[in-house]
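**Student:** Can you look at this prediction? I've put the sequence above it.
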Amino acid sequence: MQSMKAFRSEFQPRNDDILLTSFPKTGTTWLIALCHNILSLDDDGKEEDDVLKKMNPHELAPPLDVNFLSDQVQDLLLDPGRSGGRLLQTHLPYNCLPESVRNSGCKIVHVARNPKDTLVSMWHFYNKILGPFPVERAVESFCSGVLPWGPFYENVVGYWEESNRRPKEVLFLKYEELCRYPEEQVRKLASFMGRPFSSMEDGDAEVGKVLRYSSFNRLKELEVNKNGVWELHRLPNNTFFRKGTVGDWKSYLTPQMAERIDQLTQLKLQGTGLSL
Ligand code: A3P
């Protein structure tokens with residue numbers, strides 16, 4: 001809480017900041033890797049120089065909310081270690097962001113994901129780091145909104161509505177669309193970040209490079225993500241790479257659980273124009 005309070009009162013956004021926002025387990029790791037690789041194209045680096053071979057994507061953009069007071073975040077805020085804007089990340093809902101961010105021209109990218117896949121991904125994650133607990137309990141927590149960083153739906157809808165109000169400053173992406181139309185979505189993301197790809201062959205090659213360098217299979221197989229630890233959170237890096245697919249909930253949720261979540265989704269998204 002101390003860190004969140006400090007983030008809200010002390011954080012000074014810059015106009016060229018890119019703030020990545022998401023509810024946990026909706027594709028944050030992927031989004032950080034994609035944005036990092038888009039920004040790194042300017043460096044014209046070779047694969048062996050790729051910093052993602054040495055650190056998990058979260059280390060490049062640690063969560064400002066819970067880590068604002070850490071040396072790592074403070075250093076990163078002072079010197080992002082790259083030309084261009086700072087890449088920052090938070091799971092806070094839009095209405096909890098520092099007012100300084102909401103009143104600045106800083107760009108916000110949000111990634112959203114199907115609620116049932118988010119829930120199953122989160123259940124696996126906490127099973128791994130906290131020990132096993134029944135899926136029934138995970139469903140209950142999800143539906144009652146008692147979750148780290150608060151309720152799922154309010155988080156997503158807050159960014160969705162803001163992206164409709166301020167499309168030039170807030171971009172709303174979906175994990176499923178990134179999986180289904182990767183080239184198109186990465187082009188959209190890069191244009192939003194102010195680094196559009198050319199429509200010529202070299203642009204296609206750059207899009208391919210960004211997608212390849214950020215791909216689940218590549219990152220999951222890197223030694224750093226197989227056996228490394230994210231020291232700031234004392235978490236094994238492999239907890240961020242499980243399956244990386246759409247619809248995995250079908251293997252874990254009963255039809256009754258799925259029905260309960262679908263009904264809640266319908267209720268919570270009613271009138272918003274958003275489908276997940
Ligand atoms: P699954 O548990 O369904 O496999 P977050 O990054 O917000 O914590 O979300 C984690 C989810 O994104 C996990 O989903 C993880 O496997 C998946 N993921 C991580 N890196 C990815 C990548 N590069 N491409 C696609 N999915 C990725």
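**Tutor:** Right, received. Where do you want to start? Residues are numbered from 1 along each chain as shown.

**Student:** What parts of this structure come near the ligand?
**Tutor:** 22, 24-30, 33, 117, 121, 124, 214-216, 219, 240-244, 248 (C-beta under 6 Å from any ligand atom). The C-beta positions use only the backbone N, C-alpha and C, and glycine is treated the same way.

**Student:** Pull out the buried residues from those.
**Tutor:** Buried residues within the residues of the chain next to the ligand, defined by neighbour count using 16 or more other C-beta atoms under 10 Å: 22, 24-30, 33, 117, 121, 124, 214-216, 219, 240-242, 244, 248.

**Student:** Can you flag which of the residues you listed belong to strands?
**Tutor:** Members of those lying in strands (criterion: DSSP state E): Ser22.

**Student:** among the buried ones among the residues of the chain next to the ligand, which are in helices?
**Tutor:** Secondary structure assignment (DSSP state H) places 28-30, 33, 117, 121, 124, 214, 216, 219 from those within helices.

**Student:** Can you say which two of those are spatially most distant?
**Tutor:** Farthest-apart pair in those is His124 and Ser214; separation 21.2 Å (C-beta to C-beta).

**Student:** Neighbours of Asn78, how many?
**Tutor:** Heads up, residue 78 is Leu, not Asn. In terms of burial, Leu78 registers 8 neighbours under the definition other C-beta atoms under 10 Å.

**Student:** Okay, it and Arg260: tell me how far apart.
**Tutor:** Taking C-beta to C-beta, to the nearest Å as the measure, Leu78 falls 47 Å from Arg260.

**Student:** now the strands for the stretch 101-250 of the chain?
**Tutor:** Counting by DSSP state E, counting those that start in this stretch, one finds strands in the stretch 101-250 of the chain at the ranges 107-112, 170-174, 229-230, 235-236.

**Student:** I'd like the average pLDDT over the third one.
**Tutor:** Right, strand 229-230. Per-residue pLDDT values over strand 229-230 give a mean of 94.

**Student:** repeat for the last one
**Tutor:** Along strand 235-236, the predicted confidence averages to a pLDDT of 93.

**Student:** Past that strand, which element shows up next along the chain?
**Tutor:** helix 255-269 (DSSP states H and E).

**Student:** where are the low-confidence patches of the stretch 101-250 of the chain?
**Tutor:** For the stretch 101-250 of the chain, not a single residue meets the criterion pLDDT under 70.

**Student:** Ser3 touches Val66, doesn't it?
**Tutor:** Yes: using C-beta atoms under 8 Å, Ser3 makes contact with Val66 at a distance of 5.5 Å.

**Student:** Compare those two (neighbour count), which wins?
**Tutor:** Higher neighbour count among Ser3 and Val66: Val66, with 21 against 16, using other C-beta under 10 Å.

**Student:** element containing that one?
**Tutor:** When elements are defined using DSSP H and E, Val66 is found to belong to helix 64-67.

**Student:** For that helix, give me every contacting residue.
**Tutor:** Residues from elsewhere that reach helix 64-67, judged by C-beta atoms under 8 Å, 6 or more residues apart in numbering: 3-4, 7, 11, 73, 88-92, 149, 232.

**Student:** tell me which residues in that helix are buried?
**Tutor:** Buried residues in helix 64-67, counting neighbours by 16+ other C-beta under 10 Å, are found at 64-67.

**Student:** Nearest spatial neighbour of Arg82, chain-adjacent residues omitted?
**Tutor:** Counting by C-beta to C-beta, 6 or more residues apart in numbering, the nearest residue to Arg82 once its immediate chain neighbours are dropped is Leu39, at 6.2 Å.

**Student:** quick one, what contacts that neighbour?
**Tutor:** The contact partners of Leu39, taken as C-beta under 8 Å, 6+ apart, are 82, 84-85, 87, 193, 195.

**Student:** Format those residues as a markdown table; extra columns: distance to Lys168 and neighbour count.
**Tutor:** As requested, these are exported to a markdown table (distance: C-beta to C-beta, whole Å; neighbours: other C-beta atoms under 10 Å):
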| residue | distance to Lys168 | neighbour count |
| --- | --- | --- |
| Arg82 | 23 | 15 |
| Gly84 | 18 | 16 |
| Gly85 | 15 | 20 |
| Leu87 | 19 | 23 |
| Met193 | 12 | 20 |
| Arg195 | 15 | 16 |
